[in-house]
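Participant: Turn this into a model:
(2 chains)
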Amino acid sequence: MKPSGFVPFVHGDAVPRRKVPILEIAEFRKALLDAIQGGQRLVSWSGHEAGDGSVELLAVLADDVNGTLAAAVTRVRDGYPSVTPECPQAHWFEREIAEQWAIKPEGHPWLKPIRFHAPYRAGASMPGGEGSPLPGVTDYFHMEGDEVHEVAVGPVHAGVIEPGHFRFQCHGETVFHLEIELGYQHRGLERHLRGGPDRKTVHYLETAAGDTTIGHATAYAHLVEQLASVRVPSRAQVLRGVALELERLANHTGDLGALAGDVGYLPTASYCGRIRGDWLNLTAVLCGNRFGRGLVRPGGLGVTVDAAAIAEVQKRLDALEKDLTSAVELLWSTNSVMARFEETGCVSRQDAEMIGLVGPAARASGIARDIRNDFPSGIYRYAHIPVGAWHSGDVFARAFIRWTECQRSIAFIREQLSMLGEGAVQVACGLLAPDTLAVSLVEGWRGEICHVALTDPAGRFAHYKVVDPSFHNWFGLALSLRNQAISDFPLCNKSFNLSYCGHDL
Amino acid sequence: MWRELKARMRQRYRTYDYPRLEPVLPVTFKGMPVIDPSPVANAAELVEQCPTGAISADPGQHLRLDTGKCLFCGACERACGGQGVRFSKEYRLAARARDDLMIREGESRLADALHREAARLFGRSLKLRQVSAGGCNACEADVNVLNTLTFDLGRFGIQFVASPRHADGLLVTGPVTHNMELALRKTYDAVPSPKIVIAVGACAVSGGLYADHNACGAGVGRLLPVDLHVPGCPPHPWTILDGLLRFLGRIP
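Facilitator: Residues are numbered from 1 along each chain as shown, chains lettered A, B, ... in the order given. From the prediction side, this is the model:
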């Protein structure tokens, strides 16, 4: 028997709810902390109504080394002893639960809202707050002293970008601390997934973070397919993988261009801006939409992709690879760029582990963590993409990791399309298994996307939780700014390029 | 230096000669819907399929489609096999008035130009402040892409500026979350008059998928007077650019 009270299971296998242990809070806490101590990670932790006035907290852990997941629930009424002091990666989850369910994690070091909405439990209010909170109106870390000053930015920023509020504590040019307040993009998405799947569900997930349409749609589709016990035709699995890598290429290319723009290096900035659009156009060749809307559907694909479209993608891929290589390689050989990239915005491996970074940001801090390798599903079970990691944890590392991933993605797409089989791309998904837990993980371009669902006795969603990689990584951006010049903020921000709406949901 | 020149040679000149040349769109692109003039037998089923309630039928089973709500997902087209409604490749979708987005039996109205005074003020130089008010970053991305070399928005005298005080108007995306309402109002107030408002995407035009959720409203129109509506989820960059140029009287 495993030391933890969590029930282990394999990614892709739905678990009947009766097999998920309901632990006492003390037991739950101990099992969770032991697992984290043993190197597992918290991939999702969320609350839902238990029915008797208490709230059921469902935690899902990932063991990257063994490729297994584990789940357990506990029931709480008003509060419980916080795990954050011993397990910092839980800090944002506990704030989310406190805000949504008015449950106080006693001893949480920095308990405040993350999205600024009224709690889901009627009549309750966020611990320490009352009624509907105003966005951004809250306590902030504050410093005092000679020449210490505070800089507040947002929610409306200078560029074409989503809203968020950033509060810097500065001494001269040096940032001692950055605090990030989000919630401006909160659309109430998750609450509308309950009772689904219905005609709106897939569209909600395609727009959870619009730049990650394929990633979130794939996570949703994979989750439904587990619950409906269907096997997706291999042609559809391959094309989903191709679309996911195209999404990665488009966004990584855009980020590399934006990083170049932020250090005033215009050649790469302008080339990559254009090439990013060329990648989006490849996705549009597959399905008609640049972001892949309508491409991924439970059971396979929502469109049939003909041979002409595949040939077109293959043809453009070669030219695009050359264009991208020529644009990106300029960065690494230009001293003025490297001088700004290197040793800027460092996040140590230790900090990255502690706060549970995911995606390219984690890999740039030396952690070879990638769902495509650790918890593969679909085509990634058969076609392995090597995981790259870099050790320096700075802006350069986050840029360079993106470039290596671009190269791997191009090779993957080329290989997959060259041996793409014929056949159906869609099977019907019947009713979903009742009273079942399903967890779906996908390596989106920003990192780990986690969807968790519980079905009710009728096979409808009783609970649906979306964890965008940004949920884990926003705090990483805050850490990267410590002891940096405030003028490096745009560069550090771009090196993470996190989602506001994916966080706010 | 030589490396930069070599790269410059490789990357060539890529700005598309729009509006002189028509954009090339993929064969599967979904643009302006075309409504069949004859009544549709399974109209109720089509209405049922639509995720945003964009499609409706009158008592005579004649369909209407509100492109301001439409996600262009094609669920209705599939349900009727293209017999009642189909999506054409027409990318020009923008309209001045909200009502002009309601498509009946094959008719549609494209955006007409601003009145002369406004065209005189903004026609050759339009500075916009973009505000995302709950947008999913797809509309934002395809607005941003207009600044790239392919579209080169600057050659039309249109530019996104950092401060609302430097702007002639707002370009808003997203359904307007409650948490962005105040910021959107304040940004609008900070723009000097006369000013314009452009709503880009289904969310900004009507609330789209998120209309009247408990955390958001139903588009920009509830808060601010909208001068130009650009439908789509998200609108194609050519759709946005066409709308802007048409609005400024730059294309007939």
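
Participant: Show the model's pLDDT score for B:Leu65.
Facilitator: Per-residue pLDDT puts B:Leu65 at 92.

Participant: which SS state does it fall under?
Facilitator: strand (DSSP: H, G, I helix; E, B strand; the rest coil).

Participant: I'd guessed it sits against B:Ile55; true?
Facilitator: Yes - in this structure B:Leu65 lies within contact range of B:Ile55 using C-beta atoms under 8 Å: 5.0 Å. Just so you know, the C-beta spots here come from the backbone N, C-alpha and C atoms, and that holds for glycine as well.

Participant: any shared contact partners between the two?
Facilitator: With contacts defined as C-beta atoms under 8 Å, 6 or more residues apart in numbering or on different chains, the residues adjacent to both B:Leu65 and B:Ile55 are B:Cys76, B:Val85.

Participant: Run through who's touching the top strand by length along chain B.
Facilitator: When chain B is scanned for its longest strand (criterion: DSSP state E), the result is strand B:126-132. For strand B:126-132, contacts defined as C-beta under 8 Å, 6+ apart pick out A:156, A:159-163, A:185, A:500, B:139-140, B:143, B:157-164, B:166-174, B:180, B:183-184, B:187, B:191, B:198, B:244, B:248.

Participant: what does stretch B:8-18 give?
Facilitator: With C-beta under 8 Å, 6+ apart as the contact definition, stretch B:8-18 has outside contacts at A:267, A:271, A:274, A:322-323, A:326-327, B:23, B:149-152, B:155, B:238, B:241.

Participant: biggest helix in the chain, by residue count?
Facilitator: You didn't pick a chain, so chain A it is. The helix spanning the most residues in chain A, taking DSSP state H as the definition, is helix A:234-262.

Participant: actually chain B
Facilitator: For chain B, the helix reaching the highest residue count under DSSP H is reported as helix B:178-190.

Participant: Tell me the secondary structure at residue 162.
Facilitator: As the question left the chain open, I've gone with chain A. What three-state DSSP gives for A:Glu162 is coil.

Participant: Nearest spatial neighbour of it, chain-adjacent residues omitted?
Facilitator: The shortest distance from A:Glu162 to any residue that is not its chain neighbour, by C-beta to C-beta, 6 or more residues apart in numbering or on different chains, is 3.7 Å, and that residue is A:Tyr500.

Participant: roughly how far apart are the one you found and A:Pro298?
Facilitator: Here A:Tyr500 is placed at a distance of 27 Å from A:Pro298 (C-beta to C-beta, to the nearest Å).

Participant: out of those two, which sits in the busier spot?
Facilitator: The residue with more neighbours, out of A:Tyr500 and A:Pro298, is A:Tyr500; 28 against 24, by other C-beta atoms under 10 Å in any protein chain shown.

Participant: residue contacts, that one?
Facilitator: Shown in contact with A:Tyr500 (C-beta under 8 Å, 6+ apart): A:Glu162, A:Pro163, A:Gly164, A:Leu182, A:Tyr184, A:Gln185, A:Ser470, B:Ser132, B:Asn137.

Participant: Look up how far A:Cys492 lies from the third one.
Facilitator: Right, A:Gly164. Going from A:Gly164 to A:Cys492 by C-beta to C-beta gives 14 Å.

Participant: what about the spatially most distant residue from the centre of chain A, distance to A:His171?
Facilitator: Distance from the C-alpha centroid of chain A peaks at A:Asp146, with 39.7 Å (C-alpha atoms, centre = their mean). In this structure, A:Asp146 and A:His171 are separated by 9 Å, where distance is defined by C-beta to C-beta.

Participant: Doesn't A:Leu280 lie inside a helix?
Facilitator: Yes - secondary structure assignment places A:Leu280 in a helix (three-state DSSP).

Participant: thinking again about what came up before, got the angle between the longest strand of chain B and helix B:178-190?
Facilitator: Our comparison of strand B:126-132 with helix B:178-190, counting by axes from the mean of the first three to the mean of the last three C-alpha atoms, to 10 degrees, yields an angle of 160 degrees.

Participant: Could you tell me which strands sit next to strand B:126-132 in the sheet, and their orientation?
Facilitator: strand B:158-160 (parallel), strand B:169-173 (parallel) (DSSP bridges).

Participant: Quick check: can you list the domain ranges of chain A?
Facilitator: A:7-106, A:190-339+A:349-467 (automatic domain parsing).

Participant: now the last one: mean pLDDT?
Facilitator: Yep, that's domain A:190-339+A:349-467 we're talking about. Here the mean pLDDT over domain A:190-339+A:349-467 is 95, rounded to a whole number.

Participant: buried residues in stretch A:343-353?
Facilitator: Buried positions in stretch A:343-353, judged by neighbour count with 16 or more other C-beta atoms under 10 Å in any protein chain shown: A:Thr344, A:Gly345, A:Cys346, A:Val347, A:Arg349, A:Asp351, A:Ala352, A:Glu353.
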